[in-house]
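1. Model the structure of this input:
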Amino acid sequence: NPVKETYDGPIAISGLVKDANVKITDSSGNLVFETFANGGEAIWNGKNKNKERAATGIYLVFSTDLNGTEKVVSKIVFVN
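-> The predicted structure is shown next:
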């Protein structure tokens, strides 16, 4: 972190509970990406729902466990 403009690989979010639902939002709360954590790790390709590289900014990573408890687990900074 930060994700620089020259990086074009996967972004791993680790340390999550198994099968957690993971949502990534921009700083305004708009959903950018959603997935599940396989084996406690989620992978994001850095693209939004339109398959475009995420814009410069701060992105919040939310994780929900099987009980529905949600919390912010990380922040990702994108620089373009």
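2. Quick check: V72 touching V61?
-> Yes - between V72 and V61 there is a contact at 6.8 Å, judged by Cβ atoms under 8 Å. Backbone N, C-alpha and C define where each C-beta goes, glycine included.
3. Comparing the two, which residue is more hemmed in?
-> V61 (20 against 10; other Cβ atoms under 10 Å).
4. For the more buried one, which non-adjacent residue is closest in space?
-> Nearest non-adjacent residue to V61, counting by Cβ to Cβ, 6 or more residues apart in numbering: S74, 4.1 Å away.
5. ok, the nearest residue to E41 once chain neighbours are set aside to N21 distance?
-> In this structure, E41 finds its nearest non-sequential neighbour in S14, 4.5 Å apart by Cβ to Cβ, 6+ apart. For S14, the distance to N21 equals 16 Å [Cβ to Cβ, to the nearest Å].
6. These two: which has the busier surroundings?
-> More crowded of S14 and N21, by other Cβ under 10 Å: N21, with 17 against 12.
7. Next, count neighbours for the residue nearest to that one when sequence neighbours are not counted.
-> Nearest in space to N21, with sequence neighbours left out and distances taken as Cβ to Cβ, 6+ apart, is T64 at 4.3 Å. By other Cβ under 10 Å, 17 other residues sit near T64.
8. before we move on, what about Y59?
-> Counted with other Cβ under 10 Å, the neighbours of Y59 add up to 22.
9. any idea how far it is from L66?
-> On the measure of Cβ to Cβ, Y59 and L66 end up 24 Å apart.
10. And the residue nearest the centre of the chain?
-> Centroid check for the chain by Cα atoms, centre = their mean gives I24 as the closest residue, at 4.1 Å.
11. That concludes my questions; thank you for your assistance.
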